[in-house]
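>>> Structure of the sequence below:
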Amino acid sequence: MAIYSIRDLEKLTGIKAHTIRIWEQRYALVKPARTDTNIRYYTDENLRHLFNIALLNRNGVKISKLAQMTPDEIAAKGAAIAQNNPNPNSQIDALTLAMIDLKESAFEQVFAEFVTVNGFERAMLELVYPFLDKLRLLWLTNSISPAHEKFVGQIIRRKLMCAVDRANPRPDTPVFLLYSPEGEAQELTLLFIQYLLRSRGMHVTYLGTNVAVSDLRDACHALKPAYVFTILQEPLPRQPIQGYVDSVVQAIDDCQLLLTGQQFFVAPVKLPPNAAVLNGLPGTLQFLDSLKTKGR
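Sure, this is the predicted structure:
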């Protein structure tokens, strides 16, 4: 069982610590536990309860009315609103609760309903990525275990792979080669990039993760792609980023190299004419739009 400080709850729920204290003292909506030295702490049950209170309050239920309801009544009403509310903030909260409880069916339902209304691409951009940002906050507060991360990762990975399989390339479109360098853990984003490309009719070959430069060279010689795309989010373990980029440029011959990731904004990197840095997903989407414009 995880334990939380009031500041942890503030980060996770978006409710100010001052407000949580008022709800606790004036309405008895939150009942923290206490250590032997009388220091407040909060449990998973408190966190779930606060998520549901915040959800109902954002949807017009007054705190004074919530104070008259039982925790079970609040949880039931919160679940009903989360399932039928198109507001991404409410659905992100619902995903967070499903993750904490490891309830795959609840996670699947929220995701599927968002996709039905908004489409898969918007579901990833407006629901999944903001949720993953919240997941990082949970990591920072030591509030979730590796089991939670694996639970979420396998669901999102499965959704991405199914979406990729449903998207078919058009004839005479550029070939993209996607890969992840050794030691880089960005598979979900690369799978999403693969989906974005295929949904726009592009041909994509994805080599997977932990790809050595020598293997990249062999793939480029055989495939002769128009573009090679990779992400460098974490520092490289054995060489500076400039040296790695130089070795990749030599390996891919005249292919256009597309790079993104935090490491390109930490320190300047000298790029050859056939390489470009894209500013995260917004920059990648902008680049894909420019390809669409050129193809008209």
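
>>> quick one: pLDDT of the nearest residue to Val211 once chain neighbours are set aside?
The shortest distance from Val211 to any residue that is not its chain neighbour, by Cβ to Cβ, 6 or more residues apart in numbering, is 4.2 Å, and that residue is Tyr179. Placement of C-beta: from N, CA and C, glycine included. If you check Tyr179, the pLDDT there is 96.

>>> quick one: Tyr179 from Thr284, how far?
Counting by Cβ to Cβ, to the nearest Å, the separation of Tyr179 from Thr284 is 15 Å.

>>> do the same with Leu278
When Leu278 is compared with Thr284 (using Cβ to Cβ), they lie 5 Å apart.

>>> Find residues that contact each of those two.
When contacts are counted by Cβ atoms under 8 Å, 6 or more residues apart in numbering, Leu278 and Thr284 have 258, 260 as shared neighbours.

>>> Could you pull out the buried residues of the strand or helix carrying Ala147?
Assessed by DSSP states H and E, Ala147 sits inside helix 146-166. Across helix 146-166, burial judged by 16 or more other Cβ atoms under 10 Å covers 148, 151-152, 155-156, 159-160, 163-164.

>>> mind giving me TSV with these and columns for distance to Asn57 and pLDDT?
Formatted as TSV, the entries for these read as follows, by distance: Cβ to Cβ, whole Å; pLDDT from 0 to 100:
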residue	distance to Asn57	pLDDT
His148	26	87
Phe151	28	94
Val152	26	94
Ile155	28	96
Ile156	29	96
Lys159	30	97
Leu160	34	97
Ala163	34	96
Val164	39	95
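
>>> Now do the same contact list for the spatially closest residue to Met161 that is not a sequence neighbour.
Nearest in space to Met161, with sequence neighbours left out and distances taken as Cβ to Cβ, 6+ apart, is Leu191 at 6.6 Å. Contacts here follow Cβ under 8 Å, 6+ apart; on that basis Leu191 touches 157, 160-161, 164, 206.

>>> which ones are touching the residue nearest to Leu29 when sequence neighbours are not counted?
If the residues on either side of it in the chain are set aside, Leu29 comes closest to Trp23, at 4.3 Å by Cβ to Cβ, 6+ apart. If a contact means Cβ under 8 Å, 6+ apart, then Trp23 has 29-30, 53, 63 as its contacts.

>>> pLDDT score for Trp23?
As summarised for this prediction, Trp23 has a pLDDT of 91.

>>> Just the CA trace of whichever strand or helix holds Lys77, in PDB.
Element membership of Lys77 [criterion: DSSP H and E] is helix 71-84. Taking only C-alpha atoms (Å, rounded to 0.1, in the frame of the first residue of the first chain), the coordinates of helix 71-84 have been written out as PDB:
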ATOM      1  CA  PRO A  71     -18.000   6.900   0.100                       C
ATOM      2  CA  ASP A  72     -19.700   4.100  -1.900                       C
ATOM      3  CA  GLU A  73     -22.300   6.600  -3.300                       C
ATOM      4  CA  ILE A  74     -19.500   9.000  -4.300                       C
ATOM      5  CA  ALA A  75     -17.500   6.200  -5.900                       C
ATOM      6  CA  ALA A  76     -20.600   5.000  -7.900                       C
ATOM      7  CA  LYS A  77     -21.500   8.500  -9.100                       C
ATOM      8  CA  GLY A  78     -17.800   9.100 -10.000                       C
ATOM      9  CA  ALA A  79     -17.600   5.900 -12.000                       C
ATOM     10  CA  ALA A  80     -20.800   6.800 -13.900                       C
ATOM     11  CA  ILE A  81     -19.600  10.300 -14.800                       C
ATOM     12  CA  ALA A  82     -16.100   9.100 -15.800                       C
ATOM     13  CA  GLN A  83     -17.600   6.600 -18.300                       C
ATOM     14  CA  ASN A  84     -19.900   9.200 -19.900                       C
END
